[in-house]
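Peer 1: next one to model:
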Amino acid sequence: MKIKGLQKLTLLDYPEHVACTIFTSGCNFRCPFCHNASLVLKKDECYLDELEVLSFLKKRIGILDAVCISGGEPLLQPDLKEFIKKIKDMGYLVKLDTNGSFPEKLKELVDLKLVDYVAMDIKNSKEKYAKTVGLNRLNMDVIKESVEFLKEGHVPYEFRTTVVQEFHNSQDFEKISHWLKGNERYFLQGFVDSGDLIGDNLHCKLKTDMDKILNQVKLEVPNVKLRGVS
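Peer 2: Numbering: from 1, shown residues only. Purely as a prediction, here's the structure:
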């Protein structure tokens, strides 16, 4: 496992659970607004020792109850399944963050009951997806396959969109809401410049604009909420 970071405590990343977050290296997307550019671009090849991370988790049994695996894109890791098995053997719940571009790997982990919660990014409307993720071309079929799989209810999940002034408008969210239509748990996240972005000159939307988008999306996705917006 190419582990680039470990957040030893989070009360926010896994709903209603005390967790830690493990960050894996590498991603197949190049979203300009990504706040973990160093993970995506692999600016250095210095990784945390897997055994040390597992030792930390063993010591935290009874203190933490869940482990979040984020990135980057965790499903790029060839030994992710074996790594999660070791975590599950300690009794932890596991949450997976994914961009949805590897539906078969996602299905395998869910079918094996190795993940208890999935958070999938919805980057934009289908028509603007490739531009939003920083690619010239993108196979949208795999993204749509992951969305439909999660909507079938095989595992608790959420969809989420980081809203950026330069990439998203009301027409995009009209299309997204039709796409996700139903009782999905969907979060509209405020963009924050972490100082470690792939792109530059990007901005968050005003709170008033986020409220308008929220009310717009609610017509099709009643469980939509704002996250990280003040």
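
Peer 1: flag the shaky bits of the protein, pLDDT-wise.
Peer 2: Within the chain, the set of residues satisfying pLDDT under 70 comprises 42-44.

Peer 1: can you show me the helices along it?
Peer 2: Using DSSP state H, the helices of the chain run over residues 37-41, 50-59, 80-89, 103-111, 129-132, 140-151, 170-180, 207-218.

Peer 1: export the ones you listed to JSON lines and tack on distance to residue 3?
Peer 2: Heads up, the C-betas are built off the backbone N, CA and C, glycines and all. Listed next are the helices of the chain as JSON lines, based on distance: least, C-beta to C-beta, whole Å:
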{"stretch": "helix 37-41", "distance to residue 3": "10"}
{"stretch": "helix 50-59", "distance to residue 3": "6"}
{"stretch": "helix 80-89", "distance to residue 3": "9"}
{"stretch": "helix 103-111", "distance to residue 3": "17"}
{"stretch": "helix 129-132", "distance to residue 3": "27"}
{"stretch": "helix 140-151", "distance to residue 3": "24"}
{"stretch": "helix 170-180", "distance to residue 3": "31"}
{"stretch": "helix 207-218", "distance to residue 3": "33"}
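
Peer 1: is it true that residue 202 touches residue 191?
Peer 2: Yes: counting by C-beta atoms under 8 Å, residue 191 is a contact partner of residue 202 at 6.7 Å.

Peer 1: quick one, which of those two is more surrounded?
Peer 2: residue 191 (21 against 15; other C-beta atoms under 10 Å).

Peer 1: what's near enough to touch the nearest residue to the more buried one once chain neighbours are set aside?
Peer 2: Excluding the flanking residues, the one nearest residue 191 by C-beta to C-beta, 6 or more residues apart in numbering is residue 204, at 4.3 Å. Listed by C-beta atoms under 8 Å, 6 or more residues apart in numbering, the contact set of residue 204 reads 163-165, 190-192.

Peer 1: nearest to residue 96, out of the helices of the chain?
Peer 2: Nearest of the helices of the chain to residue 96, taken as C-beta to C-beta: helix 103-111 at 6.8 Å.

Peer 1: pull out the buried positions in that closest one.
Peer 2: 103, 105-107, 109-110 (16 or more other C-beta atoms under 10 Å).

Peer 1: repeat that for stretch 27-41.
Peer 2: For stretch 27-41, the neighbour count (16+ other C-beta under 10 Å) marks 27, 29, 31-41 as buried.

Peer 1: got those residues as TSV, with distance to residue 132 columns?
Peer 2: As requested, the buried residues of stretch 27-41 are exported to TSV (distance: C-beta to C-beta, whole Å):
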residue	distance to residue 132
27	14
29	9
31	7
32	8
33	8
34	11
35	15
36	16
37	16
38	20
39	18
40	14
41	18
